[in-house]
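Asker: Fold the following.
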Amino acid sequence: MRLGAAVLPLAVAAALLLAAQPGRAQMEIVGEGPGSGQGSVPCDELNNRAREATLVIRQHASALSLGIAADGRSQALVLLAWLDQWAGRLRGLVDVAEFSDCLDEGDAETYRRALLTAARVGNQAREEILRLPAPAAQRRRQP
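Answerer: Okay, the predicted model is just below:
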């Protein structure tokens, strides 16, 4: 099955909605601990954001794993960029949470699996995008 016209717009719309929520895009970690009152983020917030990133990664990976149609190359590139962005966000959250001793083994394993899935599906999508024929406009320009 190929990446359909209905699946990709829904996945991109969901990602845009999640990314557009105020206070979700960036996080500042400054304090000495959860109670310092200097901008530190409690463990619950780190875990909630990591769960959110895991969910979005799974959605993007699921959409990309359906395959990429030749006419959906540009949409697939956007979805791949979103997958990479959310994987980077999750990687950062996991690093901070591990440093702060906020993760139990179950959560840490869940997040590691999501990162592995993002890497595997992302690499597969990159290979597929590179194998797709160039659009007609680019083929005409080449000597």
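Asker: And stretch 57-66, what's buried?
Answerer: 57-61, 63-64 (16 or more other Cβ atoms under 10 Å). No exception for glycine: its C-beta is placed from N, CA and C like everyone else's.
Asker: Also stretch 88-101?
Answerer: 89-91, 93-94, 96-97, 100.
Asker: Of the buried residues of stretch 57-66, which belong to helices?
Answerer: 57-61, 63-64 (DSSP state H).
Asker: Turn the residues you listed into JSON lines, including distance to Thr110.
Answerer: Below are these laid out as JSON lines (distance: Cβ to Cβ, whole Å):
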{"residue": "Ile57", "distance to Thr110": "11"}
{"residue": "Arg58", "distance to Thr110": "10"}
{"residue": "Gln59", "distance to Thr110": "15"}
{"residue": "His60", "distance to Thr110": "17"}
{"residue": "Ala61", "distance to Thr110": "14"}
{"residue": "Ala63", "distance to Thr110": "20"}
{"residue": "Leu64", "distance to Thr110": "20"}
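Asker: export the residues you listed to TSV and tack on distance to Ala76 and pLDDT?
Answerer: TSV is the format used below for those (distance: Cβ to Cβ, whole Å; pLDDT from 0 to 100):
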residue	distance to Ala76	pLDDT
Ile57	16	96
Arg58	17	95
Gln59	14	95
His60	10	94
Ala61	12	93
Ala63	9	91
Leu64	7	90
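Asker: Let me know the closest of the residues you listed to Ala81.
Answerer: Minimum distance to Ala81 across those is 9.6 Å, recorded for His60 (Cβ to Cβ).
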